[in-house]
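Colleague: next one to model:
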Amino acid sequence: MAKQPRILAGQTAAITGGARGIGRATAQAFLRQGMKVAIGDVDLGAAEEAAKEMGSPTHTVALALDVTDRESFAAFLDGAEEQLGPVDVLVNNAGIMPLGRFVDEDDLTAQRMIDINLHGVIFGMKLALARMVPRDRGHIVNIASQAGKFGAPGGATYSATKHAVVGLTEAVRGELRMMGAHIDLSYVMPYVVNTELGGGLGSARGQHNLEPSEVADAIVQALQHQTVEVWVPKSSKRTYQVGTLLPRTLAEGIGRAMKVDRVLADADATVRRDYELRAARSEPGLPPASEQPQITQAAGD
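Modeller: Presented below is the predicted three-dimensional model:
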């Protein structure tokens, strides 16, 4: 008999980077499930506007959050629990994706990505687990990317942070099992999503861009069914599994034929300019990074 999905109504969720894109869509999906949601974002005004538009003042709260600052993250979780009750679900969604050739990437850009995409997840997991383990319940969802499995030219450091999120989640999951703690962990790996972060990217043959709501629905299903590895779309998992069975040269040749290697490398810098500049200011302690040159297509590719 198939296991019945968990009922999520009444649970409290905290979402980082919740004012826009996947985070915002996830908040809406959670509210439809009858959950209470704390929207955390470095842009408090945008978070407040998102919460207001969701029209559920007793179930939604907007809070300031800088995921690179441990004290800010702790204050975010404290505020969520004070206003909505103990946090049952943490969604580590906040992230940035400046693109360009690795050899041209300045060190501040790399530092900014690692601080937000990885250290932010580490802070969130540690702080949430400190609350969840004593209660012996809870679920942490880390938003990774398919770049965290394949590695994507044009986004080397971004890929590195997402590989790290996958490995971190798997390792901590093993530690929790050894501890006998009943805490669920998931990592979500979407293809390109129609958000500001995903704007202006190239496309792979046979793939279509996702809507944020599709990723949000997959997160809801992960909570309901305690899914660890979440591919969006699900068909991507089969592609990955087949690729791991093939010789490297053949798998890479197929990838090039499908233009998988060009998705980030062919990003349109003009379309992405506003996002890249906003991402460069997403950590107030660092000055904006310079714009990165586009990767040109090599002869014979």
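
Colleague: pretty sure Gly148 sits against Lys162.
Modeller: Yes: counting by C-beta atoms under 8 Å, Lys162 is a contact partner of Gly148 at 3.0 Å. C-betas here are computed from N, CA, C, even on glycine.

Colleague: what do those two both touch?
Modeller: Shared contacts of Gly148 and Lys162, defined by C-beta atoms under 8 Å, 6 or more residues apart in numbering, comprise Met189.

Colleague: so which of those two has more stuff around it?
Modeller: Each of Gly148 and Lys162 has its neighbours counted (other C-beta atoms under 10 Å); Lys162 has more, 29 against 25.

Colleague: let me know whether that one touches Ala147 as I believe.
Modeller: Yes: Lys162 lies in contact with Ala147 (C-beta under 8 Å); the separation is 5.2 Å.

Colleague: quick one: buried residues of the helix or strand bottoming out on mean pLDDT in the chain?
Modeller: The weakest-scoring helix or strand in the chain, judged by mean pLDDT, DSSP states H and E, is helix 269-280 (a mean of 85). Of the residues in helix 269-280, Arg272, Tyr275, Glu276, Ala279, Ala280 count as buried by neighbour count, 16 or more other C-beta atoms under 10 Å.

Colleague: and the two most separated of those residues?
Modeller: Farthest apart among the buried residues of helix 269-280 by C-beta to C-beta are Arg272 and Ala280. That separation is 11.6 Å.

Colleague: just to revisit the earlier point, put together TSV for the buried residues of helix 269-280, with distance to Gly124 on each row.
Modeller: Converted to TSV, these look like this (distance: C-beta to C-beta, whole Å):
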residue	distance to Gly124
Arg272	27
Tyr275	23
Glu276	24
Ala279	19
Ala280	22
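
Colleague: just those residues now: which is nearest Arg177?
Modeller: Closest approach between the buried residues of helix 269-280 and Arg177, by C-beta to C-beta: Ala279, at 35.8 Å.

Colleague: name the nearest residue to the closest one, sequence neighbours excluded.
Modeller: Ile96 (4.1 Å; C-beta to C-beta, 6 or more residues apart in numbering).

Colleague: contact partners for that neighbour?
Modeller: Residues near Ile96 by C-beta under 8 Å, 6+ apart: Arg112, Met113, Ile116, Asn117, Leu197, Ala279, Ser282.

Colleague: any idea whether it is helix, strand or coil?
Modeller: Following DSSP: H, G, I helix; E, B strand; the rest coil, Ile96 is assigned to coil.

Colleague: Ser203 too?
Modeller: Strictly by three-state DSSP, Ser203 counts as coil.

Colleague: per-residue pLDDT, it?
Modeller: Looking at Ser203, its pLDDT reads 82.

Colleague: list the buried ones in stretch 225-239?
Modeller: Quick answer for stretch 225-239 (16+ other C-beta under 10 Å): Thr227, Val230, Trp231, Val232, Ser236, Lys237, Thr239.

Colleague: tell me how many other residues crowd Asn209.
Modeller: Applying other C-beta under 10 Å, I find that Asn209 has 15 neighbouring residues.

Colleague: hmm, I was thinking of Phe30
Modeller: Residue neighbour count, defined by other C-beta under 10 Å, stands at 27 for Phe30.

Colleague: look up how far Glu170 lies from the closest residue to Gly79 other than its chain neighbours.
Modeller: Distances taken as C-beta to C-beta, 6+ apart place Leu63 nearest to Gly79, at 4.7 Å, with adjacent residues excluded. The gap separating Leu63 from Glu170 is 29 Å, by C-beta to C-beta, to the nearest Å.

Colleague: and the two? which has more neighbours close in?
Modeller: Neighbours were counted for Leu63 and for Glu170 using other C-beta under 10 Å; Leu63 has more, 22 against 13.
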